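>>> the sequence and its predicted three-dimensional model are supplied below.
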Amino acid sequence: MTSCRNFTGTGAENYQRYFVPAIATPVSADLLRIAGLRQAERVLDVACGTGVIARLAAEPVGPTGSVAAIDLAPDMIDVAKTIPSPAGSPIEWHVGDGTAHPFPDDSYDVALCQMGLRFIEDRAAVLTETRRVLAPGGRLVINTPGRIQPAFELMEQAIVEHISPELGGFVRAVFSMHDPDAVATLLRDAGFEDVSSTVSIVTLQLPPPAEFLWQYINLTPMGPFVAQASQAAQSAMERQVVDRWQPFVVDGATRVDQPMVTTTGRK
C-alpha cells in the first residue's frame, strides 16, 4: 500500500487545495441558500479562512454590494488574496481578531461564518462584536458541523490506539457545536432576535481513506505529533483506517453523510 503521509506544503495552501473542495465548498450551499444574499447588500465573512464564502458571496451582491472578509491567520489571508474572485463585488481582505472587528457600527447587512466559530475560545465576544457591526435588521448566518459520524469516530479511534490518546480529543472537538439548541442559545445571549437553527445532511465525497487521513492530520495541529510517532505506529494507524473505512468507500471515494447545523439571527 502506498502511503500518503509525506505530502508537503504550507498549512494555508493545503487548506485551500484539499479542505476547500472536499468539505468547505459542499457545506457552503445551505449557508448561502439560507442567507439569501441580494443585490447591493454589504456582507462580512467572519473567520474566512482562504475566503471560499467571501468569493461565493461576491456574485449575488453584485458590483453595487460589498464583501469584506476577516481572519486571524495572516497566512490564510495571504492565500485568499492569490485566488481569483468571480465577477461581482470586489473583496476586502483583513487580518484581525473577530472579538474586535476593525469596522464601524452598523456597517453590514449580512454576516456569515462557516465552521469557524467552534475554534474561537470567546464565542460570546465574537457574536456580540459581529452584532455590533451589523445594521439594524441585519442578519447573521453561521454553520457548524453536526454530530460526529462513524467514519470520523473510527479515525479518532485509530489515532488514539496507535499514536496518542491525547490527540483523539481534537477530532471530536471539530464537532463540539453539534447541538442546534445550544448554538441558538449562544446567538440569543449575544442579543440576536428571530433566532432559528436547523440541521441538514451534506454528502461529502472525500478522497480515498489513506489520502484523506494524511491530508486531515497534516492540516491540523495533530500533524507534528503524529510525525514524531514511529513509522510502525503511523503505518498501523493508516492500515486500521483504510480497513475500517471500507464500508464508506464508493467508486474509490469516501462518502460521509455529515449533518450540518445552520443558525440564523437578526439584530
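Structure received. This is a predicted model, so every value here is computed, not measured.

>>> got the phi and psi for Ser66?
Note on Ser66: its backbone torsions stand at phi -150, psi 150 [degrees, to the nearest 10].

>>> right, and it touches Gln39 too?
No: using Cβ atoms under 8 Å, Ser66 is not in contact with Gln39; the gap is 11.6 Å. Quick note: C-beta positions are derived from backbone N, CA and C, even for glycine.

>>> of the two, who's got more company?
Set Ser66 next to Gln39 and count neighbours by other Cβ atoms under 10 Å: Ser66 wins out with 21 against 12.

>>> dihedrals phi and psi, the residue nearest to that one when sequence neighbours are not counted?
Using Cβ to Cβ, 6 or more residues apart in numbering and skipping the chain neighbours, the partner closest in space to Ser66 is Arg42 (4.7 Å). Main-chain dihedrals, Arg42, degrees, to the nearest 10: phi -100, psi 120.

>>> got the contact list for Arg42?
Applying Cβ atoms under 8 Å, 6 or more residues apart in numbering, we find Arg42 in contact with 61, 65-68, 107-110, 135.

>>> export the residues you listed to a markdown table and tack on pLDDT, secondary structure and distance to Ser197?
Formatted as a markdown table, these follow (pLDDT from 0 to 100; DSSP: H, G, I helix; E, B strand; the rest coil; distance: Cβ to Cβ, whole Å):
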| residue | pLDDT | secondary structure | distance to Ser197 |
| --- | --- | --- | --- |
| Val61 | 96 | helix | 24 |
| Gly65 | 96 | coil | 26 |
| Ser66 | 96 | strand | 28 |
| Val67 | 97 | strand | 25 |
| Ala68 | 98 | strand | 25 |
| Ser107 | 98 | coil | 25 |
| Tyr108 | 98 | strand | 21 |
| Asp109 | 98 | strand | 21 |
| Val110 | 98 | strand | 17 |
| Ala135 | 98 | strand | 23 |
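
>>> biggest separation within those, which pair?
Val67 and Ala135 (15.2 Å; Cβ to Cβ).

>>> more neighbours: which of those two?
Between Val67 and Ala135, Val67 has the larger neighbour count (other Cβ under 10 Å), namely 30 against 15.

>>> burial count for Glu121?
7.

>>> same check on Pro165?
9.

>>> can you tell me the SS state at the residue sitting furthest away from the middle of the chain?
Residue farthest from the centre of the chain, counting by Cα atoms, centre = their mean, is Ala232 at 31.8 Å. Secondary structure, DSSP: H, G, I helix; E, B strand; the rest coil: Ala232 is helix.
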